[in-house]
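>>> Fold the following and give me the result.
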Amino acid sequence: MKHAKEYWNDGKPKADTRWMGSLDSGEVNAVLSTPGLADVASLLGYNLAEVVHLAVRPGR
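This is a model prediction of the structure:
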């Protein structure tokens with residue numbers, strides 16, 4: 001992973017995707033079982049299932 005300053009200051013426009021693939025199954029379970037989180041994410045226009053899917057670390 002690149003350091004944040006180097007990542008953002010290279011002159012290329014980009015989305016911050018460094019978080020993708022960073023959660024294991026226990027962390028995903030903790031996110032999904034947080035009371036009200038899916039409701040708040042939905043109100044803000046996010047699909048929590050899609051965000052969590054992107055964040056799951058690929059299986060080995």
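
>>> could you list every residue that touches the spatially most central residue of the chain?
Among the residues of the chain, the one closest to the centroid is A55, at 4.5 Å (C-alpha atoms, centre = their mean). Counting by C-beta atoms under 8 Å, 6 or more residues apart in numbering, A55 touches W19, M20, G21, S22, L23, V28, V31. Bear in mind the C-beta positions are built from the backbone N, C-alpha and C, glycine included.

>>> mind showing which ranges of this protein have poor pLDDT?
Scanning the chain for pLDDT under 70 picks out 1-14, 60.

>>> Helices of that one, residue ranges please.
4-8, 25-32, 37-43, 48-55 (DSSP state H).

>>> Adding distance to A15, write the ones you listed out as JSON lines.
What follows is those, written out as JSON lines (distance: least, C-beta to C-beta, whole Å):
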{"stretch": "helix 4-8", "distance to A15": "11"}
{"stretch": "helix 25-32", "distance to A15": "20"}
{"stretch": "helix 37-43", "distance to A15": "18"}
{"stretch": "helix 48-55", "distance to A15": "11"}
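
>>> buried residues in stretch 31-46?
Residues of stretch 31-46 classed as buried: V31, A38, A41 (neighbour count, 16 or more other C-beta atoms under 10 Å).

>>> Output that stretch as PDB - backbone C-alpha positions only.
What follows is stretch 31-46, C-alpha atoms only, in PDB (Å, rounded to 0.1, in the frame of the first residue of the first chain):
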ATOM      1  CA  VAL A  31     -20.100  -4.300  10.200                       C
ATOM      2  CA  LEU A  32     -23.300  -6.000   9.100                       C
ATOM      3  CA  SER A  33     -24.500  -6.600  12.700                       C
ATOM      4  CA  THR A  34     -24.100  -2.900  13.700                       C
ATOM      5  CA  PRO A  35     -27.600  -1.800  14.600                       C
ATOM      6  CA  GLY A  36     -28.900   0.900  12.300                       C
ATOM      7  CA  LEU A  37     -25.900   1.000  10.000                       C
ATOM      8  CA  ALA A  38     -27.700  -0.300   7.000                       C
ATOM      9  CA  ASP A  39     -30.500   2.200   7.500                       C
ATOM     10  CA  VAL A  40     -28.100   5.200   7.800                       C
ATOM     11  CA  ALA A  41     -26.100   4.000   4.800                       C
ATOM     12  CA  SER A  42     -29.300   3.700   2.800                       C
ATOM     13  CA  LEU A  43     -30.400   7.200   3.800                       C
ATOM     14  CA  LEU A  44     -27.100   8.500   2.500                       C
ATOM     15  CA  GLY A  45     -27.400   6.700  -0.800                       C
ATOM     16  CA  TYR A  46     -25.100   3.800  -0.200                       C
END
